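Trainee: My questions concern the predicted model and sequence given below.
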Amino acid sequence: MTPQGVRQQLKEVYSRLIFTNLSVKQFYPKEQSLVGGGISIGNLPLGSISLRDISYEEIYTEIESNDGYHIKLPDGGMLVFQYTFDGEGILTKHRLCYFPSFILPTVDEAPHLYENDELYGDVIVKKLVRFPIRFDYDPGSHIEVDHPQSHLTLGQYENCRIPVDGAVSPNAFVMFLLRNFYSRSYRRSKNKLDKKPPHIPVMPTITQAERKIAHFMNGR
Amino acid sequence: MINVIWGSAREKPESSKSLADELSSIDDLTGYLYIGYPIIGSPTGPMKFDALLVSDKAGLVGFDLVEGTDLGDFQGRQDDIASMLDVRLKPHAGLKDKRDLKFDIQVVTYAPAKSAVPVVEDPYFITNRLSLKETIGAFNWSCDNTVFKNLLAAVQVVTSIRAGKLKREPRRADSRGARLKRVEESIANLDQHQSQAVIETVEGVQRIRGLAGSGKTIVLALKVAYLHAQNPDWHIAVTFNTRSLKEQFKRLINNFTIEQTGTEPDWENIDILNAWGAPGDKERDGIYHKYCRTQEIDFYDFSNAKRSFGEGKEFAGACGEALKAKQDPSPIYDLLLVDEAQDLPAEFLRLCFCFLREPKRLVYAYDELQSLTGSSVLPPEELFGTNQEGNPLVLLNTEESATPKQDIILEKCYRNSRPLLATAHALGFGIYRENGLVQFFDQDNLWADVGYVVEDGELRGGATVTLTRTAESSPPFLEEHSPLDDLIQFHRFDSPQEQTAFLVKAITNDIKEEELRPEDIVVINPNPLTTQREVGPARQLLFSESQINSELAGVSTSADVFTKSGSVTFTGIFRAKGNEAGMVYIINAQDAFAGWNKSATALERNRLFTAITRAKAWVRVLGVGKSMDGLIREWDALRKSEYKLKFRYPTQEEKQKLRLINKELSGAKRGKYKKLEMQRDLLIQAAERGDIDVDSLINDLQKLQKPRSKK
């Protein structure tokens, strides 16, 4: 994974999500040069608020009102893309987050609200339990099995680190979310979304021991 | 005769009424008497004035009203009144001579219940009913008329808070950005009518009507702040349709209350709620939901209501059920204000009525022509229904008299220039439509109410009439910033792709050359069903080719006017409401030219009307194909008559027909209706062919008619 590769793919992902109106509001990830020649893509004003010990409602509201996200989906779900590379152009970290809205129904729950702009469509009683999703890549903190280099965290559980076989590209992250949690929208725009994005090769970082427990495989 | 503006006088009703009566009976006294106004924040808390007389005969007189016979420390109170007025007025221009006010402030203690009052010395005055006239008669206004006008303006300024200023630093003096800045600066504070609308407090139902951009929302917010300051113990609620209004109301009420009283509002007693609402936290609550909860009756959510009452009738059905479910509801509010009532069903307003304690203080504001769902608001007699004796529960007193005004019209439009409004009205009604009008005002006087005057002809069925807007109802500064041909333009394209290319190019030019900020631009697609599909390509092109960010207004993005996001807003018609922008692009306007029937056309044209009236400065109406040519022809006719509405005024009969058109159902019923229409055609054809016996058919139909005529 290279800065150039991430850049290209992000651009394509943005373009697709805007075209299909899956992104209702967006900020393009900013690039910043780091000491020692590295580069960070997607730095946000609210660094690590999502980790602090506060309620999810507060986290969401804080991020939302401070524009601390990169893409907002029609139901208020927010995406964050952060990648850091060192001077050699080697990926040293990434953080890919999804913060669902705790107020609005999902597109699948209330499609008319989003597709027909129905004014009262959000007035629904039954609601699914929603949870944030995060893909982290951090080889510097690797502890065999306990802290895989690339891992998935569901619902802010402190010790939830499901091993992932390697770093996750922007497109793989977005498609994972759309297929599973926005399936109606995904199916409506399948043609556009299924097109091959600029290629980013997957570098396996998962260890033998980690392969022995339940883990995620990146798509090829 | 003086003009009495009735604010909240709950604490001193008798003496207020007596004062108004006595002063009104003085023939040669002119000017304004404010009851229960102003409220001025002081270090010791808000100071409420009992009454204030601003007269070009008697000058400025503050009143200290005594309801009973105990005068108390009237001197201390008079001193407070005089000094607070001094503080309030001094900052205003044109009232000072060096450090002092150019005129005296008189203060009078008025105790109508006292038969005799003690003699006091200057500058203190005490009067009862008998001596009031004499005391007032001894005062005079010592300055000229200009100073008086300045004084009146200063008193009438309910607020000096200006709408949130946006940073704008144009480099070219003639760029659109620079021109928009000048327009925004010219939109001054509230005018006199708006201020009066804020203060006039009715112990009952009050109706406020006005065009889009006439300041209804601000008037309602100020009313909340004013009445909350006057009656902190009242339980007040404001409700509306559009989610984005919530933040706006919150901010306005907060700012106004702080300005008037020096303290923050007590949010325990003020609810800012959506009309519907759902269970969950306070943020999601709504009037209907709260009603169901407090009355312990069944709550319908959207999908439930849709199943039970049908599409397009969800909310009306849900509210209707709630009303039926409890005969004797327990009210919890002292004051309820409803904004955007044109988009809310009558059942909802009735529910609000039931939710109020006596004397049922309900204020509802609406725009006659902004109704997007095709149903306008009924007159109050019908709206609120009747009591057991068959008498209407609510009758508005529309006469000018010494009571608070129940029916207020805000006729001045501060948002749209004259050519824009004339275009919106001409197309909305179909004034120049080849096949005739599609909708019309029921009452002839509404034309005057929305700011038109008859220039030629008369408002009589069959007569030709020419209606035009005046400088009074459409301030000239709104149109003088740009050439007429630049204010509003129509563009026709052969294909949607062409339309998108034009749109992207124009927006890019607005931002890169004309110094507009992205948030000054709104793109509206009038058809709510196609917005998602239609705006994607343009948004993507703007992003990838022009590096211009955009957002799609929806449930998850706030459509607040004070947005600072740095992006162009794309929106469907519902989310566009309550929003405004300097430059408005309307895409796919061709649909408005002709719907599948007159009723649908009327609906489409309402949407076009709403879209056009979002613009503070410029409108570009874009559309594709032949229908767009038709729409442009209509606009050309209007342009040739210099933005005057010249047409044959419809007769009562024709108006009746138009009304029926608008009562016809839209939405889901449309399919059913169309099917029935087809079946009817088949039946008639069959009858023509002789397949069906016509006489027996007529017989059958007559049988159906009977029970109805008995009713």
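Mentor: Okay, I see it.

Trainee: Only C-alpha atoms from now on, for both contacts and neighbour counts.
Mentor: Will do.

Trainee: secondary structure class for residue B:61?
Mentor: Put simply, residue B:61 is strand when judged by DSSP: H, G, I helix; E, B strand; the rest coil.

Trainee: residues near it, how many?
Mentor: The tally of other residues near residue B:61 (other CA atoms under 10 Å in any protein chain shown) stands at 22.

Trainee: can you pull the contacts of it?
Mentor: For residue B:61, the contacting residues are B:52-54, B:105-108, by CA atoms under 8 Å, 6 or more residues apart in numbering or on different chains.

Trainee: Following the lowest-mean-pLDDT helix or strand in chain A in sequence, what is the next regular element?
Mentor: Every helix and strand in chain A was compared by mean pLDDT, DSSP states H and E; the lowest is helix A:111-115, with a mean of 75. Using DSSP states H and E, the next helix or strand after helix A:111-115 towards the C-terminus is strand A:133-137.

Trainee: name the element residue B:700 belongs to?
Mentor: helix B:694-710.

Trainee: Between the contacts of residue B:61, which sits nearest chain A?
Mentor: Ranked by distance to chain A (CA to the nearest CA), the contacts of residue B:61 are led by residue B:52 at 43.8 Å.

Trainee: these two touch, right, that closest one and residue B:58?
Mentor: No: look at residue B:52 against residue B:58 with CA atoms under 8 Å: they stay out of range, at 11.6 Å.

Trainee: Quick one: the strands in chain A, in order.
Mentor: According to DSSP state E, chain A carries its strands in the segments A:25-26, A:31-33, A:39-41, A:71-72, A:78-85, A:91-99, A:133-137, A:150-154, A:162-163.

Trainee: and if you look at the stretch 251-400 of chain B?
Mentor: Ranges of strands in the stretch 251-400 of chain B, per DSSP state E, counting those that start in this stretch, are B:270-274, B:333-338, B:356-366.

Trainee: Adding distance to chain A, write those strands out as a markdown table.
Mentor: Formatted as a markdown table, those follow (distance: least, CA to the nearest CA, whole Å):
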| stretch | distance to chain A |
| --- | --- |
| strand B:270-274 | 10 |
| strand B:333-338 | 17 |
| strand B:356-366 | 18 |
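
Trainee: Just give me the neighbour total for the residue nearest to residue B:323 when sequence neighbours are not counted.
Mentor: Using CA to CA, 6 or more residues apart in numbering or on different chains and skipping residues adjacent in sequence, the residue nearest residue B:323 is residue B:351, 6.4 Å away. Residue B:351 has 19 neighbouring residues, counting by other CA under 10 Å.

Trainee: Specify the angle between the longest helix along chain A and strand A:78-85 in degrees.
Mentor: As assigned by DSSP state H, the longest helix anywhere in chain A is helix A:3-19. Between helix A:3-19 and strand A:78-85, the angle comes out at 170 degrees (axes from the mean of the first three to the mean of the last three CA atoms, to 10 degrees).

Trainee: Show me what helix A:3-19 is packed up against.
Mentor: helix A:170-181, helix B:531-546 (3 or more CA pairs under 8 Å, 6 or more residues apart in numbering or on different chains; DSSP states H and E).

Trainee: okay, the angle between the shortest one and strand A:78-85?
Mentor: It stands for helix A:170-181. Using the same axes, to 10 degrees: helix A:170-181 against strand A:78-85 is 150 degrees.

Trainee: CA atoms only: put helix A:170-181 into CSV for me.
Mentor: Output of helix A:170-181 as CSV, limited to C-alpha atoms (Å, rounded to 0.1, in the frame of the first residue of the first chain):
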residue,chain,number,x,y,z
PRO,A,170,-10.5,2.6,1.4
ASN,A,171,-12.6,0.7,-1.2
ALA,A,172,-12.5,-2.6,0.7
PHE,A,173,-13.7,-0.7,3.8
VAL,A,174,-16.5,1.1,2.1
MET,A,175,-17.7,-2.0,0.3
PHE,A,176,-17.7,-4.0,3.4
LEU,A,177,-20.0,-1.5,5.0
LEU,A,178,-22.3,-1.0,2.1
ARG,A,179,-22.8,-4.6,1.4
ASN,A,180,-23.6,-5.5,4.9
PHE,A,181,-25.3,-2.4,6.4
